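1. When you get a sec, could you give me coordinates for this:
(one chain, ligands or ions: 3)
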Amino acid sequence: MLVRFSDTRPSGAYVLALPVAAGTALDPALPPLAASAAGAARFEGDKGNILELYLPEEGGVRRTLLSGAGSNPDAKAWEALGSALSARLLTSGEEVLVVDLSRAGTDAGAGAHIAFGALLRSWRYDLYRTRLPEKSRPSLKEVVIVGAPAGVEAAWAPLEGLAQGIAFTRELVSEPANIIYPESFVERCLPMRELGVEISVLDEDAMRAAGMGALLGVAQGSDRPARLLVMRWNGTGDSGNPPLAFVGKGVTFDTGGISLKPPAGMEDMKWDMGGAGAVAGAIRALAARKAKVHVVGICGLVENMPDGKAQRPGDVVTTMSGQTVEVINTDAEGRLVLCDALTWVQKNYQPHTIIDLATLTGAMIIALGHEHGGLFSNSDTLADQLLAAGKASGDALWRFPLSDAYDKLIESPIADMKNVGPRDAGSISAAQFLLRYIEGDTRWAHLDIAGMVWAAKPGTLWDKGATGFGVRLLDQFVADNFER
Ligand code: BES
Ligand code: MN
Ligand code: ZN
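-> Ligands and ions are numbered 1, 2, ... in the order given. Down below sits the predicted model:
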């Protein structure tokens, strides 16, 4: 969908939307029947409410949507308004939406956030739906924000980059596992080089040479070779400063391996690369808006399959850190991928801060459902920064504890640790496992986003399906802590 800003309404066919803040009177320039209709429908400008009217205009009729913005609307409310409009019109047959702010008295941010909400909510992936009836196809092609105060385009520019990043994450997450596997994931990321992102890739030989026995142990049951994808964006102009690092779990399909998952719902495991998808989308967003930050994004990309060559429960693998792991359950593969990716980034980039994102445990969904991602950290400061970024961005987080008592749960009789603890506190023992790979006083946070990557029903800014969770969070975290 195209976004445009203009001083005047376009000519030709369009739907007109007029924002109405809660408890405010309608624009007196509207025909009196608008106010009577609003009264009859009890339309009071509540957030998300839309009153659809057909008003006379120059001998014809104008489809007009009075759109509730709620009381004292902030950026979030404007996004919700844009989103509600685009959800309503997406397959309506209408092609152009005009949101007229000229009499709304809003600030420059409002117009930009309305466009952002409309754009994000209009995203869908119909690539494989070849028989979709014409009436079910998206018709909306353009949103024109009219009469926003000067500065609206400047407010839009970074949001445009962010929307690009989110859309990219959603695409990666939506694609099935026969299309997105480690090598093709890398392929899709390569065009980011045009934005100035430096990309390098480790193949299996390179990872073997580096000693990544845990990541390669997961990959060895698959015909698809593993990859470690490294994306670097430096917008600081200083090449010597240590970076911030994002690390993503990129299991392009998780069957469980020899500890095979039950069939029901296994198709969901195509989005077990949602952490890696968020890392790729965040790097893309930061590069697209030329963020003043030095950041590396690492994606550990593997497919977890059962096979004659697959690793077995009881196998002991040696990680890049030198620590050994007894693989009790081959379905606890995410931590085996992440631990080597964590060691690799610390040895090669000495990051001051690491944030890993992973669809790591089903237990996280039991604890938090689909409202918050789980946050685990060795730094209270970093945890607070992430919680704040979560609140501000809408990608909400909730913090969980870490302690020696939880760490004991993964002791092994034969190796330095085992890859699973008991069922109780399963998300925490998974985090404790990762913490064992953090060196020195590196600040580290782990985000278990298992419940957030995929939505069974539409949300404010997404349809059902891939949400793009994590991209806004990381973008906000960077903006708040590294760019001011
Ligand atoms: N990818 C799964 C976690 C998951 C489950 C994410 C459901 C999203 C929805 C992960 O690899 C896994 O299988 N974890 C196991 C760990 C267990 C064996 C300790 C789990 O959560 O059951
Ligand atoms: Mn698994
Ligand atoms: Zn998994």
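
2. secondary structure element for residue 36?
-> Secondary structure assignment for residue 36, by DSSP states H and E: helix 32-40.

3. Can you pull out the residues in contact with that helix?
-> 26, 43, 44, 51, 53, 55, 64, 66 (C-beta atoms under 8 Å, 6 or more residues apart in numbering). For glycine as for every other residue, the C-beta is placed from the backbone atoms N, C-alpha and C.

4. who does the fifth one bridge with?
-> To tie it back to what came earlier, the one meant is residue 53. residue 64 (DSSP bridges).

5. Correct me if wrong: it contacts residue 66.
-> Yes - at 6.7 Å, residue 53 and residue 66 qualify as touching, with contact defined as C-beta atoms under 8 Å.

6. higher neighbour count, these two?
-> Neighbour tally, residue 53 and residue 66, criterion other C-beta atoms under 10 Å: the higher count belongs to residue 66, 24 against 20.

7. how about residue 222, phi and psi?
-> phi -110, psi 150 (degrees, to the nearest 10).

8. likewise residue 449?
-> phi -110, psi 30.

9. Spit out the contact partners of it.
-> 274, 275, 278, 357, 358, 359, 364, 373, 374, 469, 470.

10. Within its sheet, name the partner strands of the strand or helix carrying residue 99 and how each one runs.
-> In the assignment (DSSP H and E), residue 99 maps to strand 96-100. With DSSP bridges as the test, strand 96-100 is paired with strand 15-21 (parallel), strand 142-146 (parallel).

11. what does the average pLDDT come to for the longest one?
-> pLDDT averaged over strand 15-21 equals 97, rounded to a whole number.

12. domain parsing for the chain?
-> Annotated domains of the chain cover 2-150, 160-481 [automatic domain parsing].

13. Tell me the buried residues in stretch 67-84?
-> The neighbour-count criterion (16 or more other C-beta atoms under 10 Å) identifies 67-70, 73, 75-84 as the buried residues of stretch 67-84.

14. Can you tell me the element residue 329 falls in?
-> For residue 329, there is no enclosing helix or strand under DSSP H and E.

15. Isn't it up against residue 313?
-> Yes - with contact defined as C-beta under 8 Å, residue 329 reaches residue 313; the gap is 6.3 Å.

16. Need the overlap of contacts for these two.
-> Contact with both residue 329 and residue 313 is made by residues residue 259, according to C-beta under 8 Å, 6+ apart.

17. Return the per-residue confidence for the residue in the stretch 1-150 of the chain that ligand 3 sits nearest to.
-> The nearest approach of the stretch 1-150 of the chain to ligand 3 comes at residue 125, 22.0 Å away (C-beta to the ion). As predicted, residue 125 sits at a pLDDT of 96.

18. Please apply the same query to residue 391.
-> Per-residue pLDDT puts residue 391 at 98.

19. That one belongs to a helix, doesn't it?
-> Yes - counting by DSSP: H, G, I helix; E, B strand; the rest coil, residue 391 is located in a helix.

20. any idea how far it lies from residue 317?
-> According to C-beta to C-beta, to the nearest Å, residue 391 and residue 317 sit 39 Å apart.
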